[in-house]
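**Student:** Pasting a predicted model and its sequence here:
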Amino acid sequence: MNDDTGTLSGTQARDERLLPAGLLLPLSTIGSFPKPDRLTKARAGFTRGEISAGELQGIEREETAACIRMQEELGLDLLVDGEMYRGDMTAYFAENLEGFRISGLVRSYGNRYYRKPVVAGPVRWSRPVTVDWFRFAREQTHRPVKAILTGPYTMMDWSFDDHYGSREALAMALAEVIHQEAAALVEAGARYVQIDEPAVSVRPDEIDLAIRAMALVTGGLRARTITHICYGDFPAIYPRLLDLPVDQFTLELSNSDLGLLELFKSSPFTKELGAGVLDVHSHKVEPVEVVKERIEAALAVVPAARLYVNPDCGLKTRSPEEAAEKLRNMVAATREVRRTL
Amino acid sequence: MIFAALLSDYPRIGDHPEEQVLRRAIRLADKGEIPPAEVAAAEDEMTRRAIADQAAAGLDLLTDGQIRWHDPVSHVARGLAGFRIEGLLRYFDTNTYYRQPAATGPIGREKPFLVEAYRFAVGAAAPRPVKAIVTGPLTIARLSRDASRRGLQDLTLQIASALNRELRDLEAAGAGLIQVDEPALARFPGEAGILRQAMRRLVSGLATARVLLATSFGDATPLLADLALMPVDLIGLDVLAATGGGGDAGALGARLAGTMPAETGLALGIVDGRNTRLEDADGTYESTVRPILQALRAAPGPERVIHLVTSHGLEFLPRDVARAKLSMLAAVRDRARREFP
């Protein structure tokens, strides 16, 4: 970890974009964007062997570029690549790291299913997984791009284990692997690295393991580190949660009717907060006024200098139109609140 | 007598297109392209497949796989009066979700909501018997939002009274064994007293049906003294959680023999329902099942009814693994019957 005033030893040529100094309430997202129909069809066509990997990647690149353009047009400050080339957040990394195989379909919830990874041997990092996509995304914009990885605790908890036989051993092995990926991203110029750990809120008794694993991932990284956690038993892990060695937490506030903010009144939230102000599991587009109220409620708990604004979670479950409309209101609301600061 | 059974739920999807009819039907119905009746037909189809897999593995006592259940909590709450179904929450320490019910009004039950599905399963499973399954009052109360602040005890008892009507209707429909799932008990052991009161209400008036109180999601054996007082015919325990996979199963058997009334049957969760690693039938039998059965048989009194079951439902597993686990369970049962005729 490092703060933004720290000096970096890299060469002048390295592109290490930061958010503008003094920008209040930076606008960002959690990472995933809805996949347009043509991409969904192309992925299905690739699975059936009807189009080549090259053709699929061409479409993924076009849609990544379009996603970046949309984020710029909407007025977001810290962009993401939109994850057009990723399916499930665990399976994507499992497919690209050594030691995994992919299982048959397993239900996630409702009518959603995914192929849950199986750890079948020692996990290893042999080459960068996301660095080329990070570079590609950055070439599409002048704004900073946040790199997104899935964290070791979540990778462990959301995989079957046929090899390690110990949750701790698997989580720590994954932490080393994910640290290597994060370091490669920083080497490529990433100054904002988000390591998603949605599973951390689920087993309060394992919060210490999650913290140790995260320490291995973020240790020595010269970047602003962020983690995203959602849907779980926060009262059981707060304020211990704040010991996760990252600079910022992006959390879902809206799905729980801002209940988390009440919790933060019990013990001060001492890190940066990426406040989730859009419920990503609802088709309803929140009016600007509602989003404003949510931002203002977050400001009552965390000072503006430490507050970022984002949706609750990834937007991939929404339609492209819903996502854009929700984000448009998020930007408008944030701008209105900024004027009052 | 020694029986083999699936604990509760079963995958509602598989890797073959004909095993994906339900996912397809729900997707099309969501878009308004097919009527809801076609979703019901797809549920029937996948229920038949779940039953066929259990029969093919040679299980003695089948379940309907809970194919029609959105999740273990909201499916039951939807059938009762006084609940409103709200947002998604993580279901225990899994990466699946349930819709959280909010207890808003007086809890009641107007008409049967499990009976029709039970009758369908009986028809599909004949001549093998089917156990009816209902999520228990403590778990429903614990995982709901107590919107009108009546307190856990009152809410649990009200739910128990409402569910009592469902159990009576299941008995009238011919259910010889009704399983009450209480996954919350191992998590909240302090509430065993509330559960005991609730169970009395729940089973009140039953004449012929036997009741199995099934615990899961943790080790409930610290509660054996409380479980021994439950007004039920069988108690279900996750033996893998109790022995840590390699603990002293003989000592557990002796504790069971010493604490559980001689006429109380046991459902022993001996196959891991949450991981893909396929256990060896002989290894499981020798390390876990035989020592428990030896200890139970060594105790005086009548021969106990034993169900060898999976430690959880198998919905968390891919279908091919679920099938293999059922076959392995049947193989353990076969050895147990040979050695303990």
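**Tutor:** Great, that's in hand.
**Student:** contacts, neighbours, all on C-alpha from now
**Tutor:** OK.
**Student:** mind showing which ranges of chain A have poor pLDDT?
**Tutor:** Along chain A, the model assigns pLDDT under 70 to residues A:1-14.
**Student:** Which strand or helix spans the residue of it most remote from its centre?
**Tutor:** Computed with C-alpha atoms, centre = their mean, the residue of chain A farthest from its C-alpha average is A:E50, at 31.5 Å. Using DSSP states H and E, A:E50 falls within no helix or strand.
**Student:** and residue 95, what does it touch?
**Tutor:** Using chain A here. Shown in contact with A:E95 (C-alpha atoms under 8 Å, 6 or more residues apart in numbering or on different chains): A:R101, A:I102.
**Student:** not what I meant, chain B
**Tutor:** By C-alpha under 8 Å, 6+ apart, the residues touching B:N95 are A:S108, A:W158, A:A199.
**Student:** And the residues you listed, which is closest to B:M1?
**Tutor:** Among these, A:S108 lies closest to B:M1 (C-alpha to C-alpha), at 36.8 Å.
**Student:** So that closest one lies in a strand, does it not?
**Tutor:** Yes. Assignment of A:S108 by DSSP: H, G, I helix; E, B strand; the rest coil places it within a strand.
**Student:** That one - nearest residue in space that isn't next to it in sequence?
**Tutor:** B:T96 (4.9 Å; C-alpha to C-alpha, 6 or more residues apart in numbering or on different chains).
**Student:** Contacts only, for that neighbour.
**Tutor:** Contacts for B:T96 (C-alpha under 8 Å, 6+ apart) come out as A:R107, A:S108, A:Y109, B:R90.
**Student:** how close does the third one get to chain B?
**Tutor:** With distances taken as C-alpha to the nearest C-alpha, to the nearest Å, A:Y109 is found 5 Å from chain B.
**Student:** How many residues are close by that residue?
**Tutor:** Using other C-alpha atoms under 10 Å in any protein chain shown, the number of residues around A:Y109 comes to 18.
**Student:** I figured it hits B:Y97, correct?
**Tutor:** Yes. When contacts are counted by C-alpha atoms under 8 Å, A:Y109 is listed as touching B:Y97 (5.5 Å).
**Student:** so what's the residue nearest to B:S144 when sequence neighbours are not counted bridging to?
**Tutor:** Excluding its sequence neighbours, the residue lying closest to B:S144 (C-alpha to C-alpha, 6+ apart) is B:P101, at 4.9 Å. Beta bridges link B:P101 to B:I85 when assigned by DSSP bridges.
**Student:** State whether B:P101 and B:P72 are indeed in contact, as I suppose.
**Tutor:** No. Under the criterion of C-alpha under 8 Å, B:P101 makes no contact with B:P72, lying 11.2 Å away.
**Student:** The two - which one has more neighbours?
**Tutor:** Taking neighbours as other C-alpha under 10 Å, B:P101 and B:P72 compare with B:P101 leading, 26 against 22.
**Student:** hang on, A:L260 in a helix?
**Tutor:** Yes. With three-state DSSP as the criterion, A:L260 is assigned to a helix.
**Student:** where's it relative to chain B, distance?
**Tutor:** A:L260 is 14 Å from chain B, where distance means C-alpha to the nearest C-alpha.
**Student:** excluding its backbone neighbours, what's nearest that residue?
**Tutor:** The shortest distance from A:L260 to any residue other than its chain neighbours is 6.1 Å, reached at A:L253 (C-alpha to C-alpha, 6+ apart).
**Student:** try B:L293
**Tutor:** Of all residues not flanking B:L293 in the chain, B:G253 sits nearest, at 6.8 Å (C-alpha to C-alpha, 6+ apart).
**Student:** what about the one you found, which helix or strand?
**Tutor:** helix B:249-259.
**Student:** what does chain A put close to chain B?
**Tutor:** Contacts of chain A with chain B, taken as C-alpha under 8 Å from any C-alpha of the partner chain, map to A:103-111, A:118, A:158, A:160-162, A:199, A:202-203, A:231-232, A:255.
**Student:** change it to 6 Å
**Tutor:** Within reach of chain B by C-alpha under 6 Å from any C-alpha of the partner chain, chain A has these residues: A:G104, A:L105, A:V106, A:S108, A:Y109, A:F160, A:D162, A:V202, A:R203, A:Y231, A:G232.
**Student:** Let's see which of those end up in strands.
**Tutor:** Judged by DSSP state E, these include A:G104, A:L105, A:V106, A:S108, A:Y109, A:F160 as members of strands.
**Student:** Need the max-distance pair from those.
**Tutor:** A:Y109 and A:F160 (17.5 Å).
**Student:** about what we covered before: now the contacts of B:N95: which count as buried?
**Tutor:** Applying 16 or more other C-alpha atoms under 10 Å in any protein chain shown to these, the neighbour count classes A:S108, A:W158, A:A199 as buried.
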